[in-house]
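1. no sequence for this one, just the structure:
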């Protein structure tokens, strides 16, 4: 394919009213739990930062160990620890005027609580709200309420009615039909979907004769789940008309390109940052730019959905 001249590569993305200079966001996780950490991610180059998932009340989470590195990824069962929305709001207030594209991640067990959380996130100045409908290891939350299209539809509808900012529904891969969940979210008024969250998984220590995590079962992220994430994004792109954010196993700029070719408008990264630090974001951006230049692709919008041609 023809090569492009330097300076002709356009990585910018118009996403839900946000002008992102490239498509790489920081996924919800431990690096989004304080204002200082969110600002650090922004300064490291994240186009947008998704907060740690926040609930109505403070929550301690699961007992240690909560994270276990694997050769092919990362196993975690944090258990949604957070300070509660009112305390977390103090962290978000500190970011006003800092120019950070913050997306507030929230979790709850019922639609009315999701709506309360979304309203508070909106008051604290976030640009959009991400609904955690997919955490695989917190009883009564996440995938336990996000595996039913009817439940997804009810929650999204309640939140959309409560706020004016865009709503993203983060979908679970622990289902036989992710498109039915995506369609339910779209029909209820979601502005975008995020796919995927971690896969329900376990690792056993054969010497201790028990699971390695304190919660026994956790969520698998990292390179092992990339083919699943790509498949989910590919299928959702054919089924939906709203934007898709691709997540799962991204560790190189070419991985980013694959997700965009599958149909993602933007991507989120987590495990690679946990492993390599925040500098990984700039590396991914540089690698994506180099790949596009080599392949004669001049913009992210040109690349989106290419794998469907």
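-> Thanks, I have it. Just so it is clear, the model here is predicted, and its values are computed rather than measured.
2. just give me the neighbour total for residue 14.
-> Neighbour count for residue 14, taken as other Cβ atoms under 10 Å: 12. Bear in mind the C-beta positions are built from the backbone N, C-alpha and C, glycine included.
3. what's the answer for residue 210, then?
-> Residue 210: 10 neighbours (other Cβ under 10 Å).
4. isn't it right up against residue 202?
-> No - under the criterion of Cβ atoms under 8 Å, residue 210 makes no contact with residue 202, lying 10.5 Å away.
5. which residues do the two both contact?
-> Here residue 210 and residue 202 have residue 216 as joint contacts, going by Cβ atoms under 8 Å, 6 or more residues apart in numbering.
6. tell me which stretches of the protein form helices.
-> Secondary structure of the chain by DSSP state H: the helices cover 35-43, 85-93, 111-123, 143-146, 149-162, 178-187, 226-239, 253-262, 271-276, 279-295, 300-303.
7. closest one to residue 193 among those helices?
-> When the helices of the chain are compared by Cβ to Cβ, helix 178-187 sits nearest residue 193, at 5.0 Å.
8. and the closest one, how far out from the chain middle?
-> 17 Å (Cα atoms, centre = their mean, to the nearest Å).
9. who touches that helix?
-> Outside helix 178-187, the residues that reach it (Cβ under 8 Å, 6+ apart) are 133, 146-147, 149-150, 152-153, 156, 169, 171-172, 175, 193, 195-196, 232, 235-236, 239-242.
10. can you flag the buried ones in these?
-> Among the contacts of helix 178-187, the ones that count as buried by 16 or more other Cβ atoms under 10 Å are 133, 146-147, 149, 152-153, 156, 169, 171-172, 175, 193, 195-196, 232, 235-236, 239-240, 242.
11. returning to that earlier point: lowest average confidence across the helices of the chain, which one?
-> Among the helices of the chain, helix 143-146 carries the lowest mean pLDDT, a mean of 86.
12. helices or strands up against it?
-> helix 149-162 (3 or more Cβ pairs under 8 Å, 6 or more residues apart in numbering; DSSP states H and E).
13. run through the neighbouring helices and strands of the helix it packs on.
-> helix 111-123, strand 128-132, helix 143-146, strand 167-170, helix 178-187.
14. how about the first one: buried residues?
-> Within helix 111-123, the residues that qualify as buried are 111, 113-122, counting by 16+ other Cβ under 10 Å.
15. please apply the same query to the last one.
-> Neighbour-count burial for helix 178-187, with 16+ other Cβ under 10 Å as criterion, is recorded at 178-179, 181-186.
16. can you put those residues in CSV and add distance to residue 8?
-> Output for the buried residues of helix 178-187, formatted as CSV (distance: Cβ to Cβ, whole Å):
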residue, distance to residue 8
178, 36
179, 36
181, 38
182, 34
183, 37
184, 40
185, 36
186, 34
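17. right, and out of the residues you listed, which lies closest to residue 14?
-> Of the buried residues of helix 178-187, the one sitting nearest to residue 14 (Cβ to Cβ) turns out to be residue 186, at 19.0 Å.
18. for residue 129, see how far away the closest one is.
-> 16 Å (Cβ to Cβ, to the nearest Å).
19. please apply the same query to residue 51.
-> 10 Å.
20. likewise residue 284?
-> 25 Å.
21. same question for residue 212.
-> Look at residue 212 and residue 129: by Cβ to Cβ, they are 33 Å apart.
22. got it, and residue 273?
-> Residue 273 is 22 Å from residue 129, by Cβ to Cβ.
23. looking at those two, which one has more neighbours?
-> residue 129 (28 against 22).
24. bridging residues for the more buried one?
-> Counting by DSSP bridges, residue 129 forms beta bridges with residue 104, residue 167.
25. show the pLDDT at it.
-> 99.
26. isn't it up against residue 169?
-> No - here residue 129 does not reach residue 169: they are 9.9 Å apart, not a contact under Cβ under 8 Å.
27. for residue 302, what are its contacts?
-> No contacts exist for residue 302 under Cβ under 8 Å, 6+ apart.
28. next, the contact list for residue 89, please.
-> 120, 123-124.
29. if we use 7 Å, what do you get?
-> 120, 124 (Cβ atoms under 7 Å, 6 or more residues apart in numbering).
30. ditto for residue 168
-> Residue 168 touches 103, 128, 130-131, 190-194, 245, counting by Cβ under 7 Å, 6+ apart.
31. and what of residue 113?
-> Residue 113 touches residue 56, counting by Cβ under 7 Å, 6+ apart.
32. again with residue 64
-> residue 214.
33. look at it and report its pLDDT.
-> For residue 64, the predicted pLDDT is 97.
34. now do it against residue 81, distance only.
-> 11 Å.
35. go on, residue 296?
-> 46 Å.
36. between these two, which one's more packed in?
-> The neighbour comparison of residue 296 against residue 81 (other Cβ under 10 Å) goes to residue 81, with 17 against 12.
37. pretty sure the more buried one sits against residue 59.
-> Yes - applying Cβ atoms under 7 Å, one finds residue 81 in contact with residue 59, separated by 5.7 Å.
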